[in-house]
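# With the input below, show me the fold.
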Amino acid sequence: MRVGYFLSSEEYSPAQLLEQAKLAEEAGFTALSISDHYHPWVDAQGQSPFVWSMIGALSQVTRLPITTAVTCPTVRIHPAIVAQAAVPRRRGRRQAGAGGVQGLLCGLGGRGRADRIREVAKLRPAR
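This next block holds a predicted model:
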């Protein structure tokens with residue numbers, strides 16, 4: 001059985017997320033997932049680091065695969081940028097979970113969301 005650890009980027013600082021990732025690997029977790037929100041859910045949370053920078057930092061402190069939960073490739077970040085960021089240095093290290101249902105956190109909603117998500121799914125790194 002594989003059990004992953006979720007890193008809540010709205011609730012913890014970047015330094016705390018790095019420490020949690022190290023401890024998760026030491027405890028035997030087999031994967032990491034990290035939230036990608038433009039803004040914390042509530043003011044009391046107060047955090048929201050740029051997830052792709054965090055993934056780069058996380059890859060320096062752990063060897064576990066890391067998945068976003070979820071990146072919104074609509075208005076906030078262009079699909080090509082998400083695809084480039086999700087390309088792993090070593091196959092299987094990074095993955096992108098793509099979605100676009102939260103208008104407040106993902107940017108302006110409406111037209112084009114589904115098309116942009118499909119565009120990310122089609123983009124692949126050159127081999």
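# just the helices in the protein please.
14-27, 51-61, 79-86, 103-106, 113-122 (DSSP state H).
# hmm, who's touching the first one?
Around helix 14-27, the neighbours that count as contacts under C-beta atoms under 8 Å, 6 or more residues apart in numbering are 5, 7, 9, 12, 32, 34, 49, 54, 57-58, 61-64. Glycine gets a C-beta too; all of them are placed from N, C-alpha and C.
# Export those to CSV and append columns for pLDDT.
Listed next are those as CSV, based on pLDDT from 0 to 100:
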residue, pLDDT
5, 96
7, 96
9, 90
12, 92
32, 95
34, 94
49, 88
54, 92
57, 93
58, 94
61, 95
62, 95
63, 93
64, 94
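# Buried among the residues you listed? Make that a ChimeraX selection.
One line in ChimeraX is enough to select the buried members of those, burial here meaning 16 or more other C-beta atoms under 10 Å:
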select :5,7,9,12,32,34,49,54,58,62,64
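# Among the contacts of helix 14-27, name the ones in strands.
Applying DSSP state E to the contacts of helix 14-27, the entries found in strands are 5, 7, 32, 34.
# Tell me which residues touch the residue nearest to the last one when sequence neighbours are not counted, please.
By the measure of C-beta to C-beta, 6 or more residues apart in numbering, the closest residue to residue 34 outside its immediate chain neighbours is residue 7, 4.2 Å from it. Applying C-beta under 8 Å, 6+ apart, we find residue 7 in contact with 17, 20-21, 32-35, 54, 58.
# ok, now with 6 Å
17, 20, 34 (C-beta atoms under 6 Å, 6 or more residues apart in numbering).
# try residue 47
10, 13.
# And the pLDDT at it?
Residue 47 is assigned 81 on the pLDDT scale.
# Please report how far residue 48 lies from residue 24.
21 Å (C-beta to C-beta, to the nearest Å).
# okay, the two: which has more neighbours?
Per other C-beta atoms under 10 Å, whichever of residue 48 and residue 24 has more neighbours is residue 24, with 20 against 17.
# Under the pLDDT cut-off, which ranges of the protein? List them.
Scanning the chain for pLDDT under 70 picks out 40, 73-75, 87-127.
# 90 - rerun?
1-2, 10-11, 35-53, 67-127 (pLDDT under 90).
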